[in-house]
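1. just need the structure, nothing else, for what follows:
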Amino acid sequence: MPSLDVCLSPELLHLYELKGKVVVVVDILRATSSMVTAFAHGIERIVPVSSLDDCLNQKQEGFLTAAERDGRKAEGFDLGNSPFSYMEPHIKGKTLIMTTTNGTHAIRLSMAADKVIAGAFLNLGSVARYLQEEQKDALVVCAGWKGNFNLEDTLFAGGVADRLAETFTPANDATLAARHLYRLAQQDKIAFLSESSHVKRLKNLDIIKDIEYCLQEDLYVVVPVLADDSLVVLEKEIVN
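-> Numbers count the residues shown, from 1 in each chain. Modelled structure (predicted):
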């Protein structure tokens, strides 16, 4: 039986062996939620990069660019980090170069894994099915906030653990803790997260609708998978 592990921060990734594993990178608020939304609405390819300069250089090549720092859209880029920006018809068929405070950095750090996919509550069921089909040891990498633990990404890891409870073995206590937190929160994640640091941060930016959207489960059947240096989608269907 394959195992499911949880890395609570990218700063802890050096403690994990990535070779032979499927890594699920999650940044609920909001990078991977925006990625899933973009693929569901027709984006062709997303290239995650770590720095603003890397992203800006690609803009000069004619690509769409998205950049976020500290919850705000970075100046001089086409898009920010709100999932609602990725529902527009003009993104269809395009390549997007994206950098965010936490999520794209976590993806880059995970590239030694056999496979890397992007997860969110929006595609939780698709992520669980993908891991079932792969039947490899899996690791959920929580993007956190600037290296620190955050609650919403850990809840997602717990949601994956809950969906796979009958077929995957918890690798350590982080998996068990994440699942317990998810089961406490799942009936009202908005209330459960109301005092969390990143929710407060986004509320201060008046981005409440983004929070509510990103906490919905199974809105899309989308599995963004890293192929070379780009995320591409394996399957796509709007569920609701």
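2. for this protein, give me the ranges with low pLDDT.
-> Residue ranges of the chain with pLDDT under 70: 60, 235-240.
3. ranges for the strands of it?
-> 3-7, 22-26, 45-48, 64-69, 72-73, 95-99, 115-119, 138-142, 169-170, 220-227, 230-238 (DSSP state E).
4. for residue 154, find the nearest of those strands.
-> Nearest to residue 154 among the strands of the chain is strand 138-142 (5.7 Å), distances taken as C-beta to C-beta. Yep, even glycine has a C-beta here, placed from its N, CA and C like the rest.
5. only alpha carbons, please: show that closest one as PDB.
-> Included here for strand 138-142 are C-alpha records, laid out as PDB according to Å, rounded to 0.1, in the frame of the first residue of the first chain:
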ATOM      1  CA  ALA A 138       2.800  10.700  -2.400                       C
ATOM      2  CA  LEU A 139       3.800  13.900  -0.700                       C
ATOM      3  CA  VAL A 140       1.700  17.000  -0.300                       C
ATOM      4  CA  VAL A 141       3.900  20.000  -0.100                       C
ATOM      5  CA  CYS A 142       2.200  23.000   1.600                       C
END
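6. what is it packed up against?
-> strand 3-7, strand 22-26, helix 103-109, helix 151-163 (3 or more C-beta pairs under 8 Å, 6 or more residues apart in numbering; DSSP states H and E).
7. that strand vs helix 151-163, what angle?
-> Compare the direction of strand 138-142 with that of helix 151-163 by axes from the mean of the first three to the mean of the last three C-alpha atoms, to 10 degrees and you get 160 degrees.
8. skip the chain neighbours and tell me the closest residue to residue 20.
-> residue 114 (5.8 Å; C-beta to C-beta, 6 or more residues apart in numbering).
9. now swap in residue 66 and tell me
-> residue 79 (3.9 Å).
10. so that neighbour touches residue 73, yeah?
-> Yes - if you go by C-beta atoms under 8 Å, residue 79 and residue 73 touch, sitting 7.2 Å apart.
11. so between the two, which is more surrounded?
-> For residue 79 and residue 73, the more surrounded residue by other C-beta atoms under 10 Å is residue 79, and the numbers stand at 20 against 16.
12. residue contacts, the more buried one?
-> Listed by C-beta atoms under 8 Å, 6 or more residues apart in numbering, the contact set of residue 79 reads 64, 65, 66, 67, 73, 85, 86, 96.
13. between these, which sits nearest residue 204?
-> residue 73 (15.5 Å).
14. partners of the closest one in the sheet?
-> Beta-bridge pairing for residue 73 (DSSP bridges): residue 68.
15. next one: it from residue 231, what distance?
-> 20 Å (C-beta to C-beta, to the nearest Å).
16. swap in residue 8?
-> 23 Å.
17. these two: who's more crowded?
-> residue 231 (27 against 19).
18. unless I'm mixing things up, the more buried one is touching residue 35, no?
-> Yes - counting by C-beta under 8 Å, residue 231 does reach residue 35; the two are 6.4 Å apart.
19. shared neighbours of these two, anything?
-> In contact with both residue 231 and residue 35: 46, 118, 224, using C-beta under 8 Å, 6+ apart.
20. the second one: how many residues sit nearby?
-> The reference is to residue 118. Residue 118: 30 neighbours (other C-beta under 10 Å).
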